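Undergrad: need a 3D model of the following:
(chains A and B)
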There are 2 protein chains.
Amino acid sequence: MITKILIDDARFALENGAGSDAIHKDPTYSYAVTKLVDDSDIMGSGFAFTLGEGNDLVCKAAQFYANKLIGKDIEELMANFGKVFNDLSNEQQFRWLGPHKGVVHLGLASVTNACYDLWAKKRKLPLWKLLIDLSPEQILNTLDLSYLEDELSREQALQLMQSQIAGKKEREKIIETGYTGYDTSIGWFNYPDEKVRENCKKAVAEGFTAMKLKVGSTDSERDIRRANIVRETAGEKVKVMLDANQQWTLPQAIKICKQLQSINPYWIEEPTHPDDVLAHKTLANAIAPTKLALGEHVPNRIIFKNYLQAKCADFIQVDAVRVGGVSEFITVSLLCKKFGIPVVPHVGDMGQLHQHLVLFNHISLGHEALFLEHIPHLQKHFVHPAIIENGVYKTPQETGSSCDLKI
Amino acid sequence: MITKILIDDARFALENGAGSDAIHKDPTYSYAVTKLVDDSDIMGSGFAFTLGEGNDLVCKAAQFYANKLIGKDIEELMANFGKVFNDLSNEQQFRWLGPHKGVVHLGLASVTNACYDLWAKKRKLPLWKLLIDLSPEQILNTLDLSYLEDELSREQALQLMQSQIAGKKEREKIIETGYTGYDTSIGWFNYPDEKVRENCKKAVAEGFTAMKLKVGSTDSERDIRRANIVRETAGEKVKVMLDANQQWTLPQAIKICKQLQSINPYWIEEPTHPDDVLAHKTLANAIAPTKLALGEHVPNRIIFKNYLQAKCADFIQVDAVRVGGVSEFITVSLLCKKFGIPVVPHVGDMGQLHQHLVLFNHISLGHEALFLEHIPHLQKHFVHPAIIENGVYKTPQETGSSCDLKI
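TA: Below you'll find the model as predicted:
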């Protein structure tokens, strides 16, 4: 039984331009942390990610939802978490502040993630192990499929998961080999050219075969110059992704993406505003076969459904610390599986939680094991920091979701 | 010069089922109020609307933005408010919490609306008078058209407004005759049938020629029965609107909207989730020629652009206390004008602010003067409550935007 709630506002300063992009020039990586303590003194820990300012608002929203869990048994909650999630996210007054987006939905993510962590710790399992051992019906019971009826009914979702059972054993081999990572930190926006070049060399030496550069400069010449540095330094075989962080208008995006095609990007990420589904469609058509990735600012399954229906996203970057937590992450992953689109999470959690979720996506949902973003800047603050060796995430063995912070 | 900021969390209990709808069964109408006091002791007052719980979060967001206006001159702010709005809404850390939606955007609405109120009070004019006397260039300088470049460039917006100058004098006649209202309060969701029937009779007797009923019952028979009561009581000539407040899934909406066609609704409002642009498109096609209205939960100009591009909204119900205030309301109204779609605001402000804005939309933008929603429940709390006679809003004569509360 959950007996105590603790909410922490945890903010971590970054140094020397780390984390900077075209829009967010000086972020403070921050977590609105929910801790759920049960009567056996086990503590589930989950969080949502912000860039600092306003993290306290998300904490307050998390407190609102968490208070409703006092006195509840975690196994009972998780046996029907889809209903719990639906009820919480539709609390009739609080819902007005979204619905299902912004501060309130981030608060819900924090609480949801704490529930999954507590669940796994109670069962003394790493979260990935708990999830892959659940039956399709048990997984479905943790999901809220409302407003997806036109694309993913409960029956369709069940069939989809059942159809993947046959290959599970084969795909479980990835537990031993580990999940490939990619390096996001070679070219933060504020880094000078020389540092980008050095970081590229280092990333290749460390075994990374994919890496990402921040673009979206006022002067597109800077973007092109830096992209060329990465391509030249990393070589032709390395996958190079370019991330504009919403900086471009649609006309700008069309023009600049075409210029950037010369370095053969693996994808171009967040080219314009994350609410603008139809602009992404226009852009995707204009720059094909260059591929688009997006999702770090998409708040819920309904907008993801629209992106998938519009067929303008080649990679979906749903983030479990942006949408309503693990539950909605899995819902979106199921939708993506139906549409045949790979899930490559944005890692506001620095990969701590998502290293579990991509294993589930691969093993249980049959998603391709592409690669998982790696950002090292907060490693010292986690009790069990993700371990990357030769560019590969080692499978976590600790119980829970690896989200305990040293605070 | 703005010297002092006051933020109020104002909540007003409703009685006997007033304000109830299919989703929000027991709302507490609430305002996150921003007051900007300048060095001549004039106070500008603006707010965002919520349903109670979490109104304090919006107040905190408003405080964050309002603090940035200390020491600023209101005329200087408003001379280039489009840039001010863009800067505030893109504050690089706070932006993560939206962007441009949810709690932070509601906070921005509150502050923006206080700026417009202070501006009009300084000039000793009702807001509608201030707005209709501005030149197209001056109006444009108050707007942020970013992320609309594919549909509404500054030049296009300018031409659009200039093309409406010729008819302004003729359209100004509405200042004398007043702007027609419609009655939203005949059939709140929790009202019993008999009360709906009585309210219908009363509305017709009071001179209303249009009225709205809440639908979205678990049992669609109840919706159909109540809709028939309204149609029978009000007669064939009255416009009857039906409002589902997002209650239906897409398959449900298609089925039930077809059943409700028998009472010849003027529009069906918020049939399903407000983020689901493509579901609205599917629905609009399925139930044509029945018309759809939406917008009270659409947070910004970019999503409205998508709805307009998808051609699935026949009436746009943008609300200046939901989007980023008067500035973004005008931006969306310009977009609607370009697409030939009428603007019929949702009135989270109880019509206080929107009675000014619809006059501007009609006189300066050439929008049809259709009608404006009327909700009477908070009249006693306003210093200058809107006056409705014979179903018509009398043009407000007090200076400012009529948003001062007796608190």
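
Undergrad: so how far is B:K173 from the residue of the stretch 51-200 of chain A found nearest chain B?
TA: Nearest residue of the stretch 51-200 of chain A to chain B (Cβ to the nearest Cβ) works out as A:G102 at 1.8 Å. In short, each C-beta sits where N, CA and C put it, glycine included. Using Cβ to Cβ, to the nearest Å, one gets 42 Å for the distance from A:G102 to B:K173.

Undergrad: let me see the contact set for A:I387.
TA: Going by Cβ atoms under 8 Å, 6 or more residues apart in numbering or on different chains, A:I387 touches A:Y393, A:K394, A:P396.

Undergrad: those residues also near chain B: which ones?
TA: Near chain B, judged by Cβ under 8 Å from any Cβ of the partner chain, there are no entries from the contacts of A:I387.

Undergrad: go through those and flag which are in strands.
TA: A:Y393 (DSSP state E).

Undergrad: redo the contacts of A:I387 as CSV? Include pLDDT, distance to B:S364 and neighbour count.
TA: Below are the contacts of A:I387 laid out as CSV (pLDDT from 0 to 100; distance: Cβ to Cβ, whole Å; neighbours: other Cβ atoms under 10 Å in any protein chain shown):
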residue, pLDDT, distance to B:S364, neighbour count
A:Y393, 98, 58, 21
A:K394, 98, 64, 15
A:P396, 98, 61, 22
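
Undergrad: closest to chain B out of the contacts of A:I387?
TA: Using Cβ to the nearest Cβ, those come closest to chain B at A:Y393, 25.2 Å.

Undergrad: per-residue confidence at the closest residue in space to the closest one that isn't next to it in sequence?
TA: In this structure, A:Y393 finds its nearest non-sequential neighbour in A:Y179, 4.6 Å apart by Cβ to Cβ, 6 or more residues apart in numbering or on different chains. Looking at A:Y179, its pLDDT is 98.

Undergrad: A:Y179 contacts A:F360, doesn't it?
TA: No: if you go by Cβ atoms under 8 Å, A:Y179 and A:F360 don't touch, sitting 11.0 Å apart.

Undergrad: run through the strands of chain A in chain order.
TA: Assigned by DSSP E, the strands in chain A fall at A:2-12, A:29-38, A:43-50, A:179-187, A:210-214, A:239-243, A:267-269, A:292-294, A:315-316, A:372-374, A:388-389, A:392-393.

Undergrad: now do the third one against strand A:2-12, angle only.
TA: When you say that, I think you mean strand A:43-50. 40 degrees (axes from the mean of the first three to the mean of the last three Cα atoms, to 10 degrees).

Undergrad: ok, strand A:43-50: who's next to it in the sheet?
TA: According to DSSP bridges, strand A:43-50 forms sheet pairs with strand A:29-38 (antiparallel).

Undergrad: ok, now the fourth one?
TA: Taking DSSP bridges as the criterion, strand A:179-187 pairs within the sheet with strand A:210-214 (parallel), strand A:372-374 (parallel), strand A:392-393 (antiparallel).

Undergrad: can you report how many residues neighbour A:V323?
TA: 28 (other Cβ atoms under 10 Å in any protein chain shown).

Undergrad: A:Q164: neighbour count?
TA: If you count neighbours by other Cβ under 10 Å, A:Q164 ends up with 18.

Undergrad: list the contacts for it?
TA: Going by Cβ under 8 Å, 6+ apart, the list of residues near A:Q164 reads A:S364, A:L365, A:G366.

Undergrad: and the longest helix anywhere in chain A, what's its mean pLDDT?
TA: In chain A, assigned by DSSP state H, the helix with the most residues is helix A:102-122. The pLDDT scores in helix A:102-122 average 98.

Undergrad: can I get it in CSV, CA atoms only?
TA: What follows is helix A:102-122 as a C-alpha-only set of coordinates in CSV (Å, rounded to 0.1, in the frame of the first residue of the first chain):
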residue,chain,number,x,y,z
GLY,A,102,1.7,20.8,-21.0
VAL,A,103,2.4,21.0,-17.3
VAL,A,104,-0.5,18.7,-16.2
HIS,A,105,0.5,15.9,-18.6
LEU,A,106,4.2,16.2,-17.5
GLY,A,107,3.0,15.9,-13.9
LEU,A,108,1.1,12.8,-14.8
ALA,A,109,4.2,11.4,-16.6
SER,A,110,6.2,11.8,-13.3
VAL,A,111,3.6,9.9,-11.3
THR,A,112,3.0,7.2,-13.9
ASN,A,113,6.7,6.5,-14.1
ALA,A,114,7.0,6.3,-10.3
CYS,A,115,4.2,3.6,-10.4
TYR,A,116,6.1,1.5,-12.9
ASP,A,117,9.3,1.8,-10.9
LEU,A,118,7.6,0.8,-7.7
TRP,A,119,5.9,-2.1,-9.5
ALA,A,120,9.2,-3.4,-10.8
LYS,A,121,10.9,-3.0,-7.4
LYS,A,122,8.2,-4.8,-5.6
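
Undergrad: could you measure the residue nearest to A:T209 when sequence neighbours are not counted against chain B, distance?
TA: Spatial nearest neighbour of A:T209, excluding adjacent residues (Cβ to Cβ, 6+ apart): A:V238 at 5.8 Å. Taking Cβ to the nearest Cβ, to the nearest Å as the measure, A:V238 falls 30 Å from chain B.

Undergrad: phi, psi for A:V238 please.
TA: With angles defined as degrees, to the nearest 10, A:V238 sits at phi -80, psi 140.

Undergrad: that one: neighbour count?
TA: Using other Cβ under 10 Å, A:V238 is surrounded by 19 other residues.

Undergrad: now do the contacts for it.
TA: By Cβ under 8 Å, 6+ apart, the contact set of A:V238 is A:V204, A:F208, A:T209, A:A210, A:M211.

Undergrad: filter these down to the buried ones.
TA: Neighbour counting with 16 or more other Cβ atoms under 10 Å in any protein chain shown marks A:V204, A:F208, A:T209, A:A210, A:M211 as buried within the contacts of A:V238.

Undergrad: point out the most buried one among the strands paired with strand A:179-187.
TA: Counting by mean count of other Cβ atoms under 10 Å in any protein chain shown, strand A:210-214 has the highest mean neighbour count of the strands paired with strand A:179-187, with a mean of 26.
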